[in-house]
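Peer 1: any chance you could fold what I've pasted below:
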Amino acid sequence: MEYKIHVNEIKEMSRSLRAGDRVYLTGEVFTSRDAAHKRIKEAIEKGEKLPYNLENAVIYYVGPTPSPEHLPIGSCGPTTSSRMDPYSPLLLDKGVIAMVGKGPRNEEVCRAIERNGAVYFCAVGGAGALLAKSVKKCEVVAYEDLGCESVKKLTIENLPLVVAIDCNGGNLFKK
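Peer 2: Take a look at the predicted model:
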């Protein structure tokens, strides 16, 4: 199947999405990679304020290149998602509804996706310049000292994705 989905619709649609479905995602997503995930986990453990509300949030595992003058963002291809596996179950349990990256996830993350009615999308690796065309706005919201790995809020329009792991047990990485 093929869907055009706004991020606000993911929670209500997650049970009907299946591994292999094509999705064009629109709305606001947050970028985060290893270093930012570590800081967010530490903030949760200390009861500190988080850089954004995790409830129904979508996290895109990306560290975009600097933006040219005339564009909101540089190349923004997905990062290998397994690097975030140590943090993902906690973030899913705290309300994250979807993640965007590339590559397989471990069993603990898969169980957390199912338990929370979430979804894991894959973006095409090596196509960062093409994916950047879907980004309409980019704003640093936390951890500016991390440079390209800072947490950014992206406004996206029709970001092309594939459902890789669904909340019904479907997983493109398993036979």
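
Peer 1: may I have the residues that are in contact with the closest residue to residue 76 other than its chain neighbours?
Peer 2: Leaving aside its chain neighbours, residue 76 sits nearest to residue 64 (3.9 Å; criterion: CB to CB, 6 or more residues apart in numbering). For the C-beta atoms, the positions are set from N, CA and C on the backbone; glycine is no exception. Shown in contact with residue 64 (CB atoms under 8 Å, 6 or more residues apart in numbering): 31, 73, 74, 75, 76, 128, 132, 138, 148, 152.

Peer 1: try it again with 7 Å
Peer 2: By CB atoms under 7 Å, 6 or more residues apart in numbering, residue 64 lies in contact with 31, 73, 74, 75, 76, 148.

Peer 1: can I get those residues in a markdown table with pLDDT, secondary structure and distance to residue 121?
Peer 2: Converted to a markdown table, these look like this (pLDDT from 0 to 100; DSSP: H, G, I helix; E, B strand; the rest coil; distance: CB to CB, whole Å):
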| residue | pLDDT | secondary structure | distance to residue 121 |
| --- | --- | --- | --- |
| 31 | 97 | strand | 14 |
| 73 | 94 | coil | 18 |
| 74 | 91 | coil | 21 |
| 75 | 92 | coil | 19 |
| 76 | 93 | coil | 14 |
| 148 | 89 | helix | 21 |
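
Peer 1: give me the buried subset of those.
Peer 2: By neighbour count, with 16 or more other CB atoms under 10 Å, the contacts of residue 64 hold 31, 73, 74, 75, 76 as buried.
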